[in-house]
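Asks: sequence and predicted structure are below.
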Amino acid sequence: MAGLSHDSDEDHVLSQAEIDSFFGKDSVVTGAADSSGIERVVSTSGVSSERLPMLEVVFDRFTRILTTSLRNFTSDNVEASMDRLGSQRFGDYLENVPGQAMFAVFKAEEWDNYGVVVLSSSLIYSIVDALLGGHIRGDSALTAPASRQTGRHHTAIERALIEPMVRIILDDLETSFSPLCAVNFHFERLEMNSRFAMICRAGNGVVTARFGIDMEGRGGDVDIVLPHATLEPVRDILLQQFMGEKFGHDGIWENHLARELWQTDLTLDAVLEEQTMNLKDIMKLAPGDQLVLRRKPDAPVSLRCGEHVLFTGRVGRKQGQVAVKIEDVLNQKPGTDRATSYS
């Protein structure tokens, strides 16, 4: 009986529910018969990435700053809140962007890469109405933006009114990153078609942050899309658990190491002369042979530490022993009597 139970455990076949719990379900792939488990893993829309705690702090600060900036920009009661922060493939994100959205492409100068700010059509209409003096008048105003979302693209006037808002968003995003690092987000262009807003490959992972803008019953969403490659230069900073955390840096240990380095023993060689000889002549050397040094008795000698010549001096005697008197310090720092450090 024990043997039969052991064989039955080895022949156990995983059910579809166990496979889904192991690999993770994907909303894009539907039906067990349509694809295999490996295809589900390959086609999954989720992207496994490290959690970036400081990025959440940056976006939380960005939410507060953006609320104040949009109130001053629209002269209206505006509330900004972060609705979602996640990671996915860039192509999957673009497929889910609703129509008539605006794509503001910007470049992070110090990081030498790009990002995208996506404005929903409902937010665009709400901002344009607020800038042109429109106000909510009963329930009819709530349905007005929805009726204008379909059927037409945004006009040049609407684009001209939205561009200053995009610059405000980028300025606030710079301010939010300033406690961690200095970065300049340069606005480049405003696109209506997502094909012209491709800043990386469709399969590359991106960090997406969605912010909801509420203007007393009207508003929309602002999405900030940053590829993982864009955040790579500051990845170590964003991995910190709190502001000012230092990885691999300990001031007490550095001071202790600096004190101990001054006690390090080094070998200092006094080189009388260097000669170039053939290998055949060197192999013929035997005890009793003499090497003639082509130097005068008062010629200077060089003092070396490894391959670096530090000093020059002259050979003499002191207390019955051969000594070298230092006469010149090579690579001397201006205004000091010490040699410069070697890298």
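Replies: Perfect, thanks for sending it. Numbers count the residues shown, from 1 in each chain.
Asks: so where's this protein shaky on pLDDT?
Replies: For the chain, the stretches with pLDDT under 70 are 1-50, 135-152, 242-250, 332-343.
Asks: how does it divide into domains?
Replies: The record's domain parsing of the chain by automatic domain parsing lists 15-44, 53-238, 264-282+294-343.
Asks: single out the most deeply packed of those.
Replies: Among those, domain 53-238 has the highest mean neighbour count (mean count of other CB atoms under 10 Å), at a mean of 17. Bear in mind the C-beta positions are built from the backbone N, C-alpha and C, glycine included.
Asks: helices along this structure, start to end?
Replies: Ranges of helices in the chain, per DSSP state H, are 2-10, 16-23, 37-43, 53-74, 90-95, 121-131, 140-148, 156-177, 228-231, 235-238, 251-261, 279-283.
Asks: how about the ones you listed in a markdown table, adding distance to Ser194?
Replies: Listed next are the helices of the chain as a markdown table, based on distance: least, CB to CB, whole Å:
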| stretch | distance to Ser194 |
| --- | --- |
| helix 2-10 | 51 |
| helix 16-23 | 29 |
| helix 37-43 | 20 |
| helix 53-74 | 23 |
| helix 90-95 | 5 |
| helix 121-131 | 13 |
| helix 140-148 | 20 |
| helix 156-177 | 16 |
| helix 228-231 | 18 |
| helix 235-238 | 27 |
| helix 251-261 | 49 |
| helix 279-283 | 71 |
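Asks: out of these, which is closest to Gln290?
Replies: Proximity to Gln290 (CB to CB) singles out helix 279-283 among those, at 12.9 Å.
Asks: any idea how far Ala202 is from Asn331?
Replies: 55 Å (CB to CB, to the nearest Å).
Asks: go on, Gln290?
Replies: Separation of Gln290 from Asn331 (CB to CB) stands at 35 Å.
Asks: in this structure Ser126 contacts Asp221, no?
Replies: No - Ser126 lies out of contact with Asp221 (CB atoms under 8 Å); the separation is 11.0 Å.
Asks: which neighbours do those two share?
Replies: Common neighbours of Ser126 and Asp221, counting by CB atoms under 8 Å, 6 or more residues apart in numbering, are Ile213.
Asks: give me every residue that touches Ala197.
Replies: Ala197 is in contact with 94, 103, 105, 116, 191, counting by CB under 8 Å, 6+ apart.
Asks: and if we set it to 6 Å?
Replies: Taking CB atoms under 6 Å, 6 or more residues apart in numbering as the criterion, Ala197 is in contact with 103, 105, 116, 191.
Asks: repeat that for Val128.
Replies: Shown in contact with Val128 (CB under 6 Å, 6+ apart): 158, 161.
Asks: can you pull the phi/psi pair for the residue lying farthest from the centre of the chain?
Replies: For the chain, the residue at maximal distance from the C-alpha centroid (CA atoms, centre = their mean) is Gly288, at 67.1 Å. Main-chain dihedrals, Gly288, degrees, to the nearest 10: phi 100, psi -20.
Asks: quick revisit: now the domains of the chain in CSV, with distance to Leu257?
Replies: As requested, those are exported to CSV (distance: least, CB to CB, whole Å):
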stretch, distance to Leu257
domain 15-44, 46
domain 53-238, 22
domain 264-282+294-343, 11
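Asks: among those, which comes closest to Ala258?
Replies: The closest approach between Ala258 and any of the domains of the chain, judged by CB to CB, belongs to domain 264-282+294-343 at 11.2 Å.
Asks: the closest one: how far from the chain's middle?
Replies: Relative to its parent chain, domain 264-282+294-343 has a centroid offset of 48 Å by CA atoms, centre = their mean, to the nearest Å.
Asks: cool, and stretch 274-290?
Replies: Distance, stretch centre to chain centre, for stretch 274-290: 59 Å (CA atoms, centre = their mean).
Asks: who touches it?
Replies: Outside stretch 274-290, not one residue touches it by CB under 6 Å, 6+ apart.
Asks: kindly export it (C-alpha atoms) in PDB.
Replies: C-alpha atoms of stretch 274-290 as PDB (Å, rounded to 0.1, in the frame of the first residue of the first chain):
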ATOM      1  CA  GLU A 274      69.300  50.200 -15.200                       C
ATOM      2  CA  GLN A 275      70.800  48.300 -18.100                       C
ATOM      3  CA  THR A 276      69.400  46.400 -21.100                       C
ATOM      4  CA  MET A 277      71.000  43.000 -21.700                       C
ATOM      5  CA  ASN A 278      70.500  40.100 -24.100                       C
ATOM      6  CA  LEU A 279      68.900  37.000 -22.700                       C
ATOM      7  CA  LYS A 280      71.900  35.000 -23.900                       C
ATOM      8  CA  ASP A 281      74.200  37.200 -21.800                       C
ATOM      9  CA  ILE A 282      72.000  36.900 -18.800                       C
ATOM     10  CA  MET A 283      71.900  33.100 -19.000                       C
ATOM     11  CA  LYS A 284      75.700  33.000 -19.100                       C
ATOM     12  CA  LEU A 285      76.000  34.900 -15.800                       C
ATOM     13  CA  ALA A 286      77.600  32.800 -13.000                       C
ATOM     14  CA  PRO A 287      79.100  33.400  -9.600                       C
ATOM     15  CA  GLY A 288      82.200  35.600  -9.900                       C
ATOM     16  CA  ASP A 289      81.100  37.500 -12.900                       C
ATOM     17  CA  GLN A 290      81.100  41.300 -12.600                       C
END
